[in-house]
Structure formats: structure tokens, C-alpha cells
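A.B. asks: give me the fold of what follows.
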Amino acid sequence: MTSAIRTTSRSALKAAARCALGVAFAAAAVAAHSETLTGAGGTAIYPVLQQWAAAYQKEKGIGMNYQAIGSGGGIKQIQSKVVPFANSDKPLTPEDLKKSGLVQFPAVIIGITPVVHLPNVKPGELVFDGKVLADIYLGVIKSWNDPRIHALNPNVKLPDMAITVVHRSDGSGTTFNFTNYLSKVSPEWKQKVGSDVSVSWPVGVGGKGNAGVAQYVQQVNGAIGYVEYAYVMEAKMDYARMKNRDGKIVSPSLQTFQAAAANADFGKTHDFYLILTDQPGAQSWPITAATYILMRKDTPEAQNKKVIEFCDWFLEKGQSYAAKLDYVPLPNPTVSLIKTYWKNELGMQP
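C.D. replies: Below is the predicted model of the structure:
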């Protein structure tokens, strides 16, 4: 990655943290009279979407205005016909898509990562399993020196310090996948809290967007949160490793996200509906997900075509940006499936 791209991404994330991603970004140097695409939705895709938008504007002269308001907000805006496209880390079921007149397709694969702020604990030094993580977010485990955390980390000097739980305050696809994973590994979590873009959190404080959670964790000693991995890397946060479904301890990385994504067979799905949490495999990261673009079938054809042209561009030319930010690019067979889907569901090709 060039230094210019890296600087742009880092400064964007810092600015986003200050405003919790509640406002729009515009692609760099968008002229006053240039065409502009408008969208809204998840914050997990924000770092790479910003780079895609800047590069697309430079190449095609078309800018972008994207409201990073969370997946829940994006879903509501596309359902209400406010924007021509939305993004969500929570896939909608084929039934819900049909009811709302929507289509969806994946953009990239993301990894959701626990992050902590503890004295004398280095990035990747701390290990969690799903049950311990669920019990922390249930409020059952309240202190960092709890025996259950110590059992997973016998060589880490854990402080006698209260745990401050940080979660999303907005409707979030990152939350959906995080809570979906907790529901799979903890019957108590599934019964008491469940999984959705918004849940009734038993304990903790809320931050808006991935950047808001990251900011809270960085500011509060003893905090734990969960964010998309690009935010971990850009903000140099102290991340935790995880014990996966196969009982192996893995670090968040492009390779472990790819290992989980290797189980994604979109060819066997309807409307690409697929949840990738808690996948088998010795190298699989347990909280992996696809992030989706949502469009309306009844949007004017000319407007939908502009969105499709942008999506075709990032699927064909933008995947290198994704990989450099540790998102998993979609394989060529999946890209081909998406293009066939556009033709069948929207009656158009780029």
C-alpha cells in the first residue's frame, strides 16, 4: 500500500472516531457538479469503502456520499427508499428481501475481533474462548483476574481490575455477527440475549459505530470491546486471540479469515444468505462474516445501473485495497455468481 493511501485511511479513522461515524464522507476532491452516489449502512466496511470511493472518483469522476450509521440504519434507509444502496453485515433472509423488494450480494469478508485495554498486556497476548467471552458480556465474569480468564491465560499477569464492557449503541451488523457467535457457543447467551443488530445488553456502555467502540476501549482502562479488524490495525489496538471451534488458538488475520471463508459456498444459497460465524477448521477465525450491498428492485434503472457499475469496479479492481486492509476479497467464482444475480434479479449487467 502506498504511503498516501495509508495516511488517508488512518486520518479518516481518527476523524471517524471523533464523530462516531455519524456523518457522511465524500470521496476526495469531489467537484461541486460531479455525479455522486449516495448510500448508508455499516461501519465495518467504512475503511475500504472510503478508499474505493476515492479511487473510483479519481478514475470515473463519480463521487460518493455514504452515511456510516450502522447496518440497522442502512437497512431502514434502503427499505424506506431513502438511498439507492445500503450496506449491512447482517444478511437479510430471502423472505425479508422479497417482502421489501430488495436484493443483496456480498462485497468482502470481514473479521470481528475482541479488543482490550489492560496494563502490561500486549496485542495478541490475551486468549478468550466463546464461553468466557459470553460470560463477560453477560456480566457473569466481572474482574480481569477471574479464574476462568486465568485458566486460558496462565502466563499472563492479569490485573485485579473491574471489566468495563463496551458494545455498540446503534443497530449494527457487527453486533449481529458477534451475538450470533455468542449464541452458538453459549446456551445461556442464546436464551437470555439472543442475536440481532440490536439486543438488550445485560451490562456495559455503548459506542456508536466501530469507531465509537474503539474509542471507548482506548480511553477506558480495563475495557473490552469488539470491532472489525481494520480498526484494530489502523488504531494499533490490543486485540485478543480466540480458541476456535476446533479448539485451536488463532490470531485475527487475513489468513484466518480466509480459512473461515473457505467454508462459504455462495453457490448453494438463495440471495447469498450465509452466516460464517463459528466455522470448522484448525485455522478458522470464529467471528468471520460477509458484508453485503443492498439495493431495491424498484429503483429507477439508470440509478441502479450507476450503483452496479461501482460495485463491478470494486469487485474487479478494488479487491487489492481490501486485502491490504485485511478484508478477504471475494474469489472469482463468487464474483461471477454476483454478476449472474444482477442479470437475473435486476435485469442488468455493468
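A.B. asks: need the mean per-residue confidence for the helix or strand in which T334 is found.
C.D. replies: Under the criterion of DSSP states H and E, T334 resides in helix 332-346. What helix 332-346 shows for mean pLDDT is 96.
A.B. asks: that one: which residues count as buried?
C.D. replies: T334, V335, L337, I338, K339, Y341, W342, E345, L346 (16 or more other Cβ atoms under 10 Å). (Each C-beta comes from the backbone N, C-alpha and C, glycine too.)
A.B. asks: what's the pLDDT at R10?
C.D. replies: The predicted local confidence for R10 is 39.
A.B. asks: ditto for the one 4 residues further on
C.D. replies: Looking at K14, its pLDDT reads 41.
A.B. asks: swap in the one 5 residues further on?
C.D. replies: We have a pLDDT of 37 for C19.
A.B. asks: quick check: the closest residue in space to L346 that isn't next to it in sequence vs D146, distance?
C.D. replies: Here the nearest residue to L346 in space, its sequence neighbours aside, is N304; by Cβ to Cβ, 6 or more residues apart in numbering that works out to 6.0 Å. Using Cβ to Cβ, to the nearest Å, N304 is found at 52 Å from D146.
A.B. asks: again with G222
C.D. replies: 12 Å.
A.B. asks: for G207, give me phi and psi.
C.D. replies: Note on G207: its backbone torsions stand at phi -120, psi 150 [degrees, to the nearest 10].
A.B. asks: so it makes contact with V165?
C.D. replies: No. The criterion here is Cβ atoms under 8 Å, and G207 misses it with V165 at 11.1 Å.
A.B. asks: what do the two both touch?
C.D. replies: Both G207 and V165 are contacted by G225, under the criterion Cβ atoms under 8 Å, 6 or more residues apart in numbering.
A.B. asks: before we move on, what SS does the residue nearest to M233 when sequence neighbours are not counted have?
C.D. replies: Leaving out its chain neighbours, the residue that sits closest to M233 by Cβ to Cβ, 6+ apart is D326, at 6.1 Å. Look at D326: counting by DSSP: H, G, I helix; E, B strand; the rest coil, its state is coil.
A.B. asks: which one of G207 and V165 is surrounded by more residues?
C.D. replies: Using other Cβ atoms under 10 Å as the criterion, G207 and V165 rank with G207 on top: 23 against 20.
A.B. asks: ok, the more buried one - contacts?
C.D. replies: G207 touches A20, V166, H167, R168, S169, V213, A214, Q215, Y216, G225, counting by Cβ under 8 Å, 6+ apart.
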